[in-house]
Each structure stands twice: as C-alpha cells, then as structure tokens.
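Trainee: what's the 3D shape of this:
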Amino acid sequence: MSSVSEENQAAAAALKAKANVAFREKNFLEAATLYGEALEKNDQDATIWCNRAFARMNLEEFGYALDDATKAIELDPKYVKAYYRRALCYLSILKNHQAIADFKKTLALDPQNAVAKKQLEATQKLQRRIDFEKAIETEDEESAVEHVLQTIQQGGCEIDAAYAGPKLPPASEEDAAKGKKFGISSEFIEKMEEWFKSGKNLPRRIAWEIVLGCWDACVQEESLNEVILDEGMTCDVIGDTHGQYYDLLHLISLTGKPSAKHCLLFNGDFVDRGSWSVEVVLTLMAWKWLLPRSVLLNRGNHETRDMNKVYGFEGEVKHKHGEMTYKLFAHVFTALPLATLISPTLPPSPKTLASAVGKGQAPILSPEGVGIGFGPDVTRRWCTLNGITGVLRSHEVRQGGYAIEHDGLCTTVFSAPNYVDQSGNKGAFVRIDAHGTQEYTTFDAVPHPPMKPMAYAANMGLFG
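Mentor: From the prediction side, this is the model:
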C-alpha cells in the first residue's frame, strides 16, 4: 500500500466534500467526477471509493460501481456499506447468487441491519422462484398468444356488463370477417388515457385486445425496421419512459400525436422502475395497433422476463391483470424490432439508426455491467461500414435529457425526467425531418399521484 502525503489527503478530503454536495443536489455525474478527482489525490480512502460507487449506481453504471465497491472492500474488509452496495450492484445486473453472498456478509458484519436482512430475504425468494420456473419450463409449451386467443374464442374472458369505462369500437368488416370482435380508434385511446389518469384499470379483455393488436402489427415487421421520411414528414425519437405514465402524457403533448405525417419512435425500455408501466405500455401498444406505420416500438433490455422480475413490471401486471396477461406481454415483447433505420429522402438525407440497446463490439464491459461498452472509434467504423451517418441510442440517464457524443456520431436520448423520482434529470426527444435535420427538445417531470417507483417489485430496493 503506497503512502499518501498529508497534503494529498487534505486535497482529497476537500474534493470529497464538494462531491458530497453535488450528490445531495442529485448531480450524480458531477459527484462521480469529483470523487474520481479525489481518488487521484488519495486512492487509499475506502469511503471515497464507496461514495463513487453510490454515485455511479444512481447513474445506473452498475459495472463501474461494482468495481468501486470491490476496491473499497479490498481497502477495508469490514466495510459494511461497501458490501451492501456491491450486493445491490450484483442484484441490478441479475447476478443474484453473488448478491446473496454480499447481503450475507453485510449481516455477518452488522447483524442488526434490518434493510440488508429484508433485501437478502427478497433476493433469496426471487432466486427460488427463478429456479422453480426454470425447473417446470417445457419446450413445447403453448404460446401465450395462442392461449389467450383460445380463451377468448371459448368465451372465457368477457367484459363485465357493469363496466362503465372506455369501450373499444366494433371491428371493421374486414377484421370481423377474420373473427375479430373489436377495433381501435383515437377516441378510445383518449378516453383510456383519462381513465388511467383517474387511477382505474381496464378490464382484462380490453387489455388483451390491445396487446394482441400490437402483436398483429409487430409480427409483420423485421427485426431491423425502417421509417422513410418523405417531404413534410417528421419522426420523433423518444428514449426510455420506464413506467412514468404522467410524464409520458406530458411528452406526447409536446411531440403531438402520431399521424401519417408524424411518426413517434419509442426506443425501448417502456416498462419497469416506474409504477405505471402497464398504463405506459398499453398506451403505446394501442397507438401501435391504430397506426402501425407511424408508431414504432423498439425492444429495450427491459422488455425481457429477467429484468421484469427484478424491476417491477411482472409484479405490476400480475397485480392489475393476472399472470396470463404478463405471459402475453412477455411473448409479444419478443416480436418487437431491435432497431429502426431512419431514412430521410431530401438532401442531405443522412441515415440514422435508432437502437434501444446501443452496445458495440469493443472488448470492455459496459458501465452498466451488462453488454459491451464502445467508444467513438467503434462508432465511426461501424457507421462507415454500414453507410449510416449516426446512431441514436437510449438506455442511460443523461442529466440534460440527451447528449451528443462520439464526435457527433452517437446521441443518447433519455425521456424519463427525474428518473425514479430522485435523479433530477430532464427528459428529451429528438425530431428528425425529411432533410435529416435533428431538433432537440427537453422537458421537466410533472407531478404524479403518491406512489413510489418499483411499488410492485417484491420489496426490491436497488439503491442504498
């Protein structure tokens, strides 16, 4: 262990104090940067490593945070908070067994730690459920779509006669000839949005019809979708919305509703974290059903079963609409495109790829601890190879709502303002016209009813 001069210790302490202020003000990026500067002065202080881990956790840079917490433990093997934060990092990247080991170590050092005890029990319960479901899984199991359609045909999911909420219109003659009972309309969507704002749920049958309508549209699309922008057309690229329904409604008031001339491209991560994920995804799927060519839904890493178990969507759907509805959502998520090519038709006509995941092929772990990270050299080579002028990706918080990175070739757009009610960030969307011009709009969070994030996540608290 190298010695640190008193002068550097004092400088590091001063930088740490500034970082603590930035953290309390929810400027997590600045806090992480300042903690890093403090470590350049004194890399032997375990508390600075642990504090930077916490800042990076709030930035969802779980891979980096895990490394920082590990360094803190190496410097102080009895550092309770470092074990607890590393456990949360493991849990966040779905490494439950490692998380359980660190929660146990936390309790061994601090037996009265009620929060760690609760997290340990919740994580053990989650892992037992995962193991059980894996054990009973069968290869030839009927798809959820087929099961739901069969249930409907057998009359097993009718709408209660006393239901007084928004009603789907009758199917068109063409769809009725195919055996369908209901259609979709903009009037229904508007009434549904008001119904959701009042805190009410749709009947299960109507939810099923919306998801099935989205399924019918998505199975017609390729895994790489394309939107061609002719003269007079625009496309708004929207980042993560993460179950923040009231912010989604505000966002759509800014973008305007989709139409034949105005596309809305939602770049994945519609669900999890926020506690109105059902309302968010049903709204997006209803618009997709109504305007399949003008509403584009890319699949994000949160449109997956493993993430839904931890971050709340599975629990929310089962609470509001039952287990079969969750299975239906999970199956339909597999039909979503992974990326969309935006192709303007007027000069200079740059082509941009919108991708929810945005991971490249560089040999380094991504900041989140899952997938692969990449730098500007990889982005440049990939764009050149594929004839693409830029990448619009999401999946990571940006305090200003968006960030133009990699020498202008890679833009991150994030559309969940004040993420999980604590990040203090703006939301943003990017408008692209037929010339390929990009216009950026940012917005703040709006008030919502008093329900905490991840309210349905089985007692999983992923910050601490």
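
Trainee: where's stretch 11-19 relative to the chain centroid, distance-wise?
Mentor: From the chain centre to the centre of stretch 11-19 is a distance of 33 Å (Cα atoms, centre = their mean, to the nearest Å).

Trainee: if you could redo that for stretch 39-57, that was the one I meant.
Mentor: With Cα atoms, centre = their mean, you get 27 Å for stretch 39-57.

Trainee: only alpha carbons, please: show that stretch as PDB.
Mentor: Backbone C-alpha positions of stretch 39-57 (Å, rounded to 0.1, in the frame of the first residue of the first chain) are rendered in PDB as follows:
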ATOM      1  CA  LEU A  39      -9.100   9.400  -5.700                       C
ATOM      2  CA  GLU A  40      -6.300  10.800  -7.900                       C
ATOM      3  CA  LYS A  41      -5.100  12.500  -4.700                       C
ATOM      4  CA  ASN A  42      -5.800   9.700  -2.300                       C
ATOM      5  CA  ASP A  43      -6.700   6.200  -3.600                       C
ATOM      6  CA  GLN A  44      -6.300   4.600  -0.200                       C
ATOM      7  CA  ASP A  45      -9.500   6.100   1.300                       C
ATOM      8  CA  ALA A  46     -12.200   3.400   1.100                       C
ATOM      9  CA  THR A  47     -15.000   5.800   1.800                       C
ATOM     10  CA  ILE A  48     -14.300   7.700  -1.400                       C
ATOM     11  CA  TRP A  49     -14.400   4.500  -3.500                       C
ATOM     12  CA  CYS A  50     -17.700   3.600  -1.800                       C
ATOM     13  CA  ASN A  51     -19.200   7.000  -2.300                       C
ATOM     14  CA  ARG A  52     -18.300   7.000  -6.000                       C
ATOM     15  CA  ALA A  53     -19.900   3.600  -6.200                       C
ATOM     16  CA  PHE A  54     -23.100   5.100  -4.900                       C
ATOM     17  CA  ALA A  55     -23.000   8.000  -7.400                       C
ATOM     18  CA  ARG A  56     -22.400   5.500 -10.200                       C
ATOM     19  CA  MET A  57     -25.300   3.400  -9.000                       C
END
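
Trainee: which parts of that stretch are buried?
Mentor: 39, 41-43, 45-57 (16 or more other Cβ atoms under 10 Å). No exception for glycine: its C-beta is placed from N, CA and C like everyone else's.

Trainee: also stretch 96-112?
Mentor: Asn96, Ala99, Ile100, Ala101, Asp102, Phe103, Lys105, Thr106, Leu107, Leu109, Asp110.

Trainee: can you check stretch 338-347 too?
Mentor: Buried residues in stretch 338-347 (16+ other Cβ under 10 Å): Ala339, Thr340, Leu341, Ile342, Ser343, Pro344.

Trainee: swap in stretch 443-454?
Mentor: Phe443, Ala445, His448, Pro453, Met454.

Trainee: how about stretch 291-300?
Mentor: Result for stretch 291-300 [16+ other Cβ under 10 Å]: buried residues Leu291, Pro292, Ser294, Val295, Leu296, Leu297, Asn298, Arg299, Gly300.

Trainee: can you list contacts of it?
Mentor: 214, 217-218, 220, 225, 227, 240, 258-260, 262-270, 284-285, 287-288, 333-334, 336-340, 354-357, 394-395 (Cβ atoms under 8 Å, 6 or more residues apart in numbering).

Trainee: if any of these are buried, give me the ChimeraX selection for them.
Mentor: The buried residues among these can be selected in ChimeraX (16+ other Cβ under 10 Å) with this line:
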select :214,217,218,225,227,240,258,262,263,264,265,266,267,268,269,270,284,285,287,288,333,336,337,339,340,354,355,356,357,394,395
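
Trainee: so which of the contacts of stretch 291-300 sit within strands?
Mentor: Taking DSSP state E as the definition of strands, the contacts of stretch 291-300 contribute Asn225, Val227, His262, Cys263, Leu264, Leu265, Phe266, Ala339, Thr340, Ala354, Ser355.

Trainee: so Ala428 makes contact with Val397?
Mentor: No: using Cβ atoms under 8 Å, Ala428 is not in contact with Val397; the gap is 11.0 Å.

Trainee: identify the contacts common to those two.
Mentor: Joint contacts of Ala428 and Val397 (Cβ under 8 Å, 6+ apart) are Phe414.

Trainee: poorly predicted segments of the stretch 51-200 of the chain, please.
Mentor: 138-141 (pLDDT under 70).

Trainee: try 80 this time
Mentor: 137-142 (pLDDT under 80).

Trainee: helices along that one, start to end?
Mentor: Secondary structure of the stretch 51-200 of the chain (DSSP state H, counting those that start in this stretch): helices located at 62-75, 80-92, 96-109, 114-136, 144-153, 173-177, 186-197.

Trainee: tell me which residue is most central in the chain.
Mentor: The residue lying closest to the centre of the chain (Cα atoms, centre = their mean) is Asp269, at 3.2 Å.

Trainee: pretty sure that one is touching His302, no?
Mentor: Yes: using Cβ under 8 Å, Asp269 is in contact with His302, at 4.5 Å.

Trainee: identify the contacts common to the two.
Mentor: Contacts common to Asp269 and His302, judged by Cβ under 8 Å, 6+ apart, are Asp240, His242.

Trainee: who are the contact partners of the nearest residue to Gly243 once chain neighbours are set aside?
Mentor: What sits nearest to Gly243 in space, not counting adjacent residues and going by Cβ to Cβ, 6 or more residues apart in numbering, is Gly274, at 2.7 Å. For Gly274, the contact set (Cβ under 8 Å, 6+ apart) comprises Thr241, His242, Gly243, Gln244, Tyr245, Val280, Gly312, Ala416, Val420, Pro453.

Trainee: re the thing from before, and among the helices of the stretch 51-200 of the chain, the most buried is which?
Mentor: Most buried of those by mean neighbour count (mean count of other Cβ atoms under 10 Å) is helix 80-92; its value is a mean of 25.

Trainee: which ones are touching Ile210?
Mentor: Here Ile210 is in contact with Ile184, Leu202, Leu282, Met285, Ala286, Trp289 (Cβ under 8 Å, 6+ apart).

Trainee: and for Ala161, the neighbour number?
Mentor: Burial of Ala161 is recorded as 5 neighbouring residues (other Cβ atoms under 10 Å).
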